[in-house]
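Engineer: got a predicted structure here, sequence first:
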Amino acid sequence: MTQKSKVFSWLLFDFANTSFSVMMVTFVFPLFFKNVICAGEPWGDALWGFSISLSMLLVALISPVLGAAADYSGKRKRFLFAFTITSVIATALLSFSGPGMAVAAVLLFILANMGFEGGLVFYDAYLKELASDKSVGRLSGYGFAMGYLGALSILLLVKPLLSKGIVLPNMANVQLSFLVAALFFALFSAPLFFALRDEKKEDRSALSSAALIASIKEVKYTVQHIMSYPDLARFLLAYFFYNDAILTVIAFSSIYAQNTLGFTTGELIQFFMLVQTTAIAGSVIFGFVTDKIGPKRTIVITLLIWFMVVVAAIFADSKELFFYTGMLAGMSMGSSQAASRSMMTRLTPKEHVTEFFGFYDGTFGKASAVVGPLVFGFVSAQAGSQKVALASLLLFFTIGLLLMTRVRSAGSTCIPKG
């Protein structure tokens, strides 16, 4: 298998899994869960928030240990396959969910989202071996661009099914769209499992008691000595805060557009297609920018763009202005995520790449998704305004930006292993 084939299969996985993100986390399933499964009842919002938070929290807890186990055993691909197939099957089963099935839908969604989010730990870890330091920014950018292209593609596929709205009378078509998303994920992720190979490390079992004990000890050692990686520690903390805000904006974008600005289902589809298109451009353009000026400066630039996005959304009093805001959000979304992954790759020692990406994608990435929605919901409830809640996210961006300026982009000090 040539290097180009390996890279393409890796990119194709991004194309595949982002279809789950846009369909099941950002757009269609959240509205279906609230409007159909929970019949529009107010407790539906609380149950949805709980589902997101719990799935992220569980991934945050297990990712570092499983990442270390993958490094110990060399069986990274097997972990990725297990998480991927779990997400695909659970998503397919959600196509049978309907009114009065809130508990079953919550359990299936938690499994599906854990499969999606947990798989990213092992997927992102491949970046270090597929790209050189000089090209990691471009490859990371191409990956996110392919992901947003996948999201755009799945929206085009399911658009006819959603033309009558995400409502009870159109339930059968909406359910079918979930099955389409599951098949899309399975089909386009498959090439990666044929193209990439696990690292051969004697006969170490991935989930044996010896492997798990060694993995827990490794994670414990890393946590205890994380300050020996000063730049990595600062970056992860900065990432926690600004990613918190970004994920919250993404999670509440469809609800905000519908509740605050009165978007119809058709307008929401057009909005998210537009966002995915500009995200593709942002990922590619800023991928080159990252290799040119470095990931740190690129992240700082994208965070300043996010400030503009939040302020514009707060003052947006028309659908047209919100569309323009969405275009800017798409540009900054793709670029900030691609540059962050590049930064993490540069700061991570090769021998602990999956373990450290367990902290990046798992502990810090997913834990931030627990805090952000809770803060947004609390502020919105207390203030009685989603715009005030949106403004509260500026604090998270500010803290992330200040911490980011203290990160040295040259690298971190390696922890001496004992």
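Structural biologist: Ah, there it is. Residues are numbered from 1 along each chain as shown.

Engineer: which of the helices or strands spans the most centrally placed residue in the chain?
Structural biologist: For the chain, the residue sitting closest to the mean C-alpha position, by CA atoms, centre = their mean, is residue 117 at 6.6 Å. If you go by DSSP states H and E, residue 117 is part of helix 102-125.

Engineer: how far away from the center of its chain is that helix?
Structural biologist: Chain-centre distance of helix 102-125: 11 Å, with CA atoms, centre = their mean, to the nearest Å.

Engineer: check stretch 50-70 too.
Structural biologist: Stretch 50-70 sits 13 Å away from the centroid of its parent chain (CA atoms, centre = their mean).

Engineer: what are the buried residues along it?
Structural biologist: By neighbour count on 16 or more other CB atoms under 10 Å, the buried set for stretch 50-70 is 51-56, 58-60, 62-70. The C-beta positions use only the backbone N, C-alpha and C, and glycine is treated the same way.

Engineer: my guess is residue 193 contacts residue 77, does it?
Structural biologist: Yes: the pair residue 193 and residue 77 passes the contact test of CB atoms under 8 Å, sitting 6.4 Å apart.

Engineer: so which of the two has more stuff around it?
Structural biologist: Between residue 193 and residue 77, counted using other CB atoms under 10 Å, residue 77 has the larger neighbour count: 19 against 16.

Engineer: OK, contacts around the nearest residue to the more buried one once chain neighbours are set aside?
Structural biologist: The shortest distance from residue 77 to any residue other than its chain neighbours is 4.9 Å, reached at residue 198 (CB to CB, 6 or more residues apart in numbering). With contact set as CB atoms under 8 Å, 6 or more residues apart in numbering, residue 198 has these partners: 74, 75, 76, 77, 78.

Engineer: let's verify residue 198: helix, strand, or coil?
Structural biologist: coil (DSSP: H, G, I helix; E, B strand; the rest coil).

Engineer: distance of it from residue 291?
Structural biologist: Taking CB to CB, to the nearest Å as the measure, residue 198 falls 29 Å from residue 291.

Engineer: quick one, strands of the stretch 251-400 of the chain?
Structural biologist: Secondary structure of the stretch 251-400 of the chain (DSSP state E, counting those that start in this stretch): no strands located.

Engineer: where are the low-confidence patches of it?
Structural biologist: Scanning the stretch 251-400 of the chain with the threshold set as pLDDT under 70 gives 351-352, 354-355, 358, 361-362, 381.

Engineer: let's see 80
Structural biologist: 251-256, 258-260, 334, 337, 348-378, 380-386 (pLDDT under 80).

Engineer: number of nearby residues for residue 179?
Structural biologist: 15.

Engineer: contact partners for residue 138?
Structural biologist: By CB under 8 Å, 6+ apart, the contact set of residue 138 is 131, 287, 288, 290, 291.

Engineer: burial of the closest residue in space to the first one that isn't next to it in sequence, as a residue count?
Structural biologist: So that's residue 131. Among residues not flanking residue 131 along the chain, residue 139 sits closest, at 4.1 Å (CB to CB, 6+ apart). Using other CB under 10 Å, the number of residues around residue 139 comes to 21.

Engineer: now do the same contact list for residue 139.
Structural biologist: By CB under 8 Å, 6+ apart, the contact list for residue 139 reads 7, 127, 130, 131, 287.

Engineer: go on, residue 323?
Structural biologist: 271, 274.

Engineer: now residue 3: how far from residue 10?
Structural biologist: Look at residue 3 and residue 10: by CB to CB, they are 11 Å apart.

Engineer: so for these two, which residues contact both of them?
Structural biologist: The contact lists of residue 3 and residue 10 share residue 130, where a contact means CB under 8 Å, 6+ apart.

Engineer: picking up where we left off before, contacting residues for the closest residue to the residue nearest to the centre of the chain other than its chain neighbours?
Structural biologist: Of all residues not flanking residue 117 in the chain, residue 59 sits nearest, at 4.7 Å (CB to CB, 6+ apart). Listed by CB under 8 Å, 6+ apart, the contact partners of residue 59 are 114, 117, 118, 362, 366.

Engineer: most neighbours among those, which one is it?
Structural biologist: Highest count within the contacts of residue 59 by other CB under 10 Å belongs to residue 118, 29 neighbours.

Engineer: any idea how far the nearest residue to that residue once chain neighbours are set aside is from residue 58?
Structural biologist: Once flanking residues are discounted, residue 118 sits nearest to residue 83: 4.4 Å by CB to CB, 6+ apart. Between residue 83 and residue 58 the computed distance is 12 Å (CB to CB).

Engineer: what of residue 376?
Structural biologist: Noted for residue 376: a distance of 21 Å to residue 58, by CB to CB.

Engineer: list the contacts for the nearest residue to residue 48 once chain neighbours are set aside?
Structural biologist: For residue 48, ignoring the flanking residues on the chain, the nearest one in space by CB to CB, 6+ apart is residue 33 at 5.6 Å. For residue 33, the contact set (CB under 8 Å, 6+ apart) comprises 44, 47, 48, 102, 105, 109.
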